[in-house]
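Visitor: give the three-dimensional model of this entry:
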Amino acid sequence: METDIPLREIMVREVVKGDIDLDVKEAAKMMKKYDVDSIIVLNNGEPVGIVTQGDIISELVSKDTTPSTVKLKDVMTTPLIAASSNDRLSDTVKKMAAEKIRKLPILEDGKLVGIVADVDILSVSSQMNSILAELIEMHVEREILEAGSEGEGVGQGICEKCGSFSHYLVMNDGLMVCETCKEELEMEGE
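Guide: Here you go, the predicted model:
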């Protein structure tokens, strides 16, 4: 995973937010409407806390409290743990792990500019893994082409003729084959 990228490159800029005096029922409706599992709590336009679906479940549902009677300020997690859009991904992952949080609001000059979630980080990691796999495949193909003449060994892998794993593959008739299939191909060619 590329760990030196700034958060501004992966943060989600559209953040669902609600006033500190908004009731939990309305906040939950907003979360459902925008298909998110958290809402940033604002006090006079300044971010001061966060409420997640987990907070709603643990604070209201488990206690059989009516959501329309509870304000965000009563269930929010505060103080708000946040980061800057210039913070590096590697530092952010460590911070989120240390604080045991899955969502990290991004602030610039005290203003909310985005949010990064654990799933955003996983998405970047997945993309990086796909790119890395493609680069490795290109490198292996280049090594095969540079290996030179037919019959020169190139290492282990899956035989392209019989499909079995072999610790020693060779190029024969444009195929990467095991020793057994190489011999069969040579006998067929005679």
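
Visitor: show me what contacts D120?
Guide: Residues near D120 by Cβ atoms under 8 Å, 6 or more residues apart in numbering: I10, M11, V12. C-betas here are computed from N, CA, C, even on glycine.

Visitor: so how many other residues sit close to the last one?
Guide: Other residues within reach of V12, judged by other Cβ atoms under 10 Å, total 15.

Visitor: can you pull up the bridge partners for it?
Guide: Beta-bridge partners for V12, by DSSP bridges, are I115.

Visitor: could you look up the SS state of the closest residue to V75 other than its chain neighbours?
Guide: Spatial nearest neighbour of V75, chain neighbours left out: E59 (4.4 Å); criterion: Cβ to Cβ, 6 or more residues apart in numbering. Taken by DSSP: H, G, I helix; E, B strand; the rest coil, the conformation at E59 corresponds to helix.

Visitor: would you mind measuring from V16 to V41?
Guide: V16 sits 11 Å away from V41, going by Cβ to Cβ, to the nearest Å.

Visitor: of these two, who's got more company?
Guide: Taking other Cβ under 10 Å, V16 and V41 do not tie; V41 has more neighbours (26 against 17).

Visitor: which ones are touching the more buried one?
Guide: Per Cβ under 8 Å, 6+ apart, neighbours of V41: 17-20, 47-51, 72-73, 76, 78, 80.

Visitor: equivalent analysis for M187, please.
Guide: With Cβ under 8 Å, 6+ apart, M187 has no contacts at all.

Visitor: so when I look at it, I'm seeing a helix, right?
Guide: Yes - the assignment for M187 (three-state DSSP) places it in a helix.

Visitor: how far away is it from S123?
Guide: As judged by Cβ to Cβ, M187 and S123 stand 51 Å apart.

Visitor: and the residue nearest the centre of the protein?
Guide: By Cα atoms, centre = their mean, the chain has its centre lying nearest to L122, at 1.3 Å.

Visitor: name the element that residue belongs to?
Guide: helix 118-146 (DSSP states H and E).

Visitor: report the contact partners of the residue nearest to V75.
Guide: T65, V70, D74, V75.

Visitor: next, count neighbours for the first one.
Guide: For T65, the count of nearby residues is 15 (other Cβ under 10 Å).

Visitor: please, where are all the helices along this structure?
Guide: For the chain, the helices defined by DSSP state H cover 24-33, 53-56, 72-75, 89-99, 118-146, 179-189.

Visitor: compare the mean pLDDT across those and name the weakest.
Guide: Per-stretch mean pLDDT for those is lowest at helix 118-146 (a mean of 62).

Visitor: and the closest residue to M76 other than its chain neighbours, bridged to which residues?
Guide: In space, and not counting its chain neighbours, M76 is closest to G49: 3.2 Å by Cβ to Cβ, 6+ apart. Using DSSP bridges, the beta-bridge partners of G49 come out as V41.
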